[in-house]
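> have a look; sequence and predicted model below, questions after that.
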2 protein chains.
Amino acid sequence: MRRNVINRRIDTPDIYEDLKAKLVSGELAPGRKLKPTELQGGYDCSPNTLRDVLMRLCNVGLVEFQMQRGFRATPSSLERRSDVARFRILLEREGAAESMASGGISWEADLTAAHHRLLHIERQIVSADDVQPFLPLWTDAEREFHETLISACGSPLLIETYARVYLQFRQQFVGQQRDFGSNYFEAIIAEHQAIVDAALARDQHGCQAAIYDHLKRNL
Amino acid sequence: MRRNVINRRIDTPDIYEDLKAKLVSGELAPGRKLKPTELQGGYDCSPNTLRDVLMRLCNVGLVEFQMQRGFRATPSSLERRSDVARFRILLEREGAAESMASGGISWEADLTAAHHRLLHIERQIVSADDVQPFLPLWTDAEREFHETLISACGSPLLIETYARVYLQFRQQFVGQQRDFGSNYFEAIIAEHQAIVDAALARDQHGCQAAIYDHLKRNL
DNA sequence: TTTTCGAAAAATTTTGAAATTTCGATTTTC
DNA sequence: GAAAATCGAAATTTCAAAATTTTTCGAAAA
């Protein structure tokens, strides 16, 4: 017999997702100390529950943990940024090549769909005054697109690792970036198009080159 | 007021290392359920401390966690084994190539030393009746050797990911294996030799081929 | 002025128990 | 007899407080 007049309970998964979003968007900036006792205020739970959630966020690399020294948002640095970018390129090139080799019709359909959604948002951004309101949507669509690209590679481990690295990539780059150049998104649109075209044409080298071109600015 | 005449306190790091060893060696078999309350008996601590340690072991992929459903040692399956092997080959080939490109004298020295230690143990194993007592030593030396091989690649992320995957590899394969063929280790010695020779000769393609030859039996 | 030391303050980790959820087995119903 | 519902035991998650460790900060010594 549940006796919840008001549902005061906040699910742990919700706290996890909320913190993840704040980490990726830069609201909780890289390097910032994350004290369970402070964060507890925002959510309605005990410090230990927050501790638990923070420990889980370590699994994806968004949070660092040191014994007796607590948690902090993974710091940002020139070295780390270029490291993340390089590793992402490695994984995405490999995953895309494998997907092109073994992906079937349904992979093509998924990729086309994901690209269509992404393109739609990017066109809106190009013709809008302010980018900010679109960022969360765009981030999701971009992630979906890139994850679909490698989704048929047949390696769960590669897919999982890529998901982690993608999140770290967002944390290191986009979260900080407030000022996108005027034709930044026009360039991005062309780059994504090049990736899709090569992928659907099963042109492995072309696709790998397109991926590199898409990400080289972050090296 | 410390009230331990004898140091009955077991440090969390020790519990972590001990559990990790049991997971990698197969004492805690893949797929086995890991209940904080049961494990608590072995160490002198509360179930929640064990919960904490188990959550950390998820970071390296040795333990799986599901909400409301607790922990279990990462299960073993044909698909997972071949996935881990493939991914390990990818990372090691990339890391070795980068190390050969940018590693200096001290990398060569480290690699030579690690290989020397490994070779020493493997020769002992070849001329011994029972392999078992050597396994922990061999596992450590083998890990050290492979990690040294990629240590000069310049990518902390690659190195960290490789460490994780190596542990999973051990958990999936060696932990289960009780019966090594009679000339198994003689073959291994030759393979490790081929890797070192190519690496020190800065022969990228040769080294990548040697790495593949070393690990292809697990695909 | 700089360094070192130690006590106070703050933060982290551990604990044991309570609340919640899941799992297995028995009973009920169709 | 098979499927569904129910009940109790076991396991998991959460909590608040105690124990431990680290950090801070001011005073004394070099």
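Cool, got the structure. In this text the structure is predicted, and so the values were computed from the model without any measurement. Numbers count the residues shown, from 1 in each chain, chains lettered A, B, ... in the order given.

> near DNA strand D, which residues of chain A?
With C-beta under 7 Å from any atom of the strand as the criterion, chain A meets DNA strand D at residues A:12, A:44-49, A:52, A:68-69. C-beta coordinates here come from the backbone N, C-alpha and C atoms, glycine included.

> just the buried ones from those?
Under a neighbour-count criterion of 16 or more other C-beta atoms under 10 Å in any protein chain shown, the subset of the residues of chain A next to DNA strand D counted as buried comprises A:12, A:45, A:49, A:52.

> now the second one: phi and psi?
Which is A:C45. Reported as degrees, to the nearest 10, the phi and psi values for A:C45 are phi -160, psi 180.

> that one contacts A:D14, correct?
No: with contact taken as C-beta atoms under 8 Å, A:C45 and A:D14 are classed as non-touching, separated by 10.3 Å.

> what about the lowest-mean-pLDDT helix or strand in chain A and chain B, touching?
For chain A, counting by mean pLDDT, DSSP states H and E, helix A:36-42 ranks last in confidence among helices and strands (a mean of 86). No: counting by C-beta under 8 Å from any C-beta of the partner chain, chain B is not contacted by helix A:36-42; separation bottoms out at 12.8 Å.

> list the helices and strands that helix packs on?
Using 3 or more C-beta pairs under 8 Å, 6 or more residues apart in numbering or on different chains; DSSP states H and E as the contact criterion, the neighbours of helix A:36-42 among helices and strands are helix A:47-58.

> leaving out chain neighbours, which residue sits closest to A:R51?
In space, and not counting its chain neighbours, A:R51 is closest to A:P36: 4.6 Å by C-beta to C-beta, 6 or more residues apart in numbering or on different chains.

> residues in contact with the helix of greatest length in chain A: which ones?
Ranked by number of residues, the top helix in chain A under DSSP state H is helix A:78-102. Contacts of helix A:78-102 with the rest of the structure, by C-beta atoms under 8 Å, 6 or more residues apart in numbering or on different chains, involve A:74, A:107, A:146, A:149-155, A:158-159, A:161-162, A:165-166, A:168-169, A:172-173, A:195, A:199, A:202-204, A:207-208, A:211-212, A:215, A:218-219, B:90, B:94, B:155-158, B:161.

> now which of those residues would you call buried?
Neighbour-count burial (16+ other C-beta under 10 Å) applied to the contacts of helix A:78-102 gives A:74, A:107, A:146, A:149-155, A:158-159, A:161-162, A:165-166, A:168-169, A:172-173, A:195, A:199, A:204, A:207-208, A:211, A:215, B:90, B:94, B:155, B:157-158, B:161.

> mind listing which of those are in helices?
Counted as lying in helices by DSSP H, out of the buried ones among the contacts of helix A:78-102, are A:107, A:146, A:149, A:158-159, A:161-162, A:165-166, A:168-169, A:172, A:195, A:199, A:204, A:207-208, A:211, A:215, B:90, B:94, B:157-158, B:161.

> surely A:S46 meets A:Q40?
Yes: A:S46 lies in contact with A:Q40 (C-beta under 8 Å); the separation is 6.8 Å.

> tell me the residues of chain A that contact chain B?
With C-beta under 8 Å from any C-beta as the criterion, chain A comes near chain B at residues A:12-13, A:52, A:55-56, A:58-59, A:65, A:67, A:80, A:83-84, A:86-87, A:90, A:94, A:155-158, A:161, A:165.

> list the buried residues for stretch A:76-92?
When neighbours are counted by 16+ other C-beta under 10 Å, the buried residues of stretch A:76-92 are found to be A:76, A:80-81, A:83-92.

> avg pLDDT for it?
Averaging the model's pLDDT scores along stretch A:76-92 yields 96.

> of all residues in chain A, which one is nearest the centre?
The centre of chain A sits closest to A:L167, judged by C-alpha atoms, centre = their mean, with a distance of 3.5 Å.

> distance of that residue relative to DNA strand C?
Counting by C-beta to the nearest atom of the strand, to the nearest Å, the separation of A:L167 from DNA strand C is 22 Å.

> find the nearest non-adjacent residue to that residue, please.
Across the structure, with C-beta to C-beta, 6+ apart as the measure, the residue nearest A:L167 apart from its sequence neighbours is A:V60 (5.3 Å).

> secondary structure class for the one you found?
In three-state terms, and counting by DSSP: H, G, I helix; E, B strand; the rest coil, A:V60 is coil.

> and for it, the neighbour number?
The criterion is other C-beta atoms under 10 Å in any protein chain shown. On that basis, A:V60 has 20 neighbouring residues.
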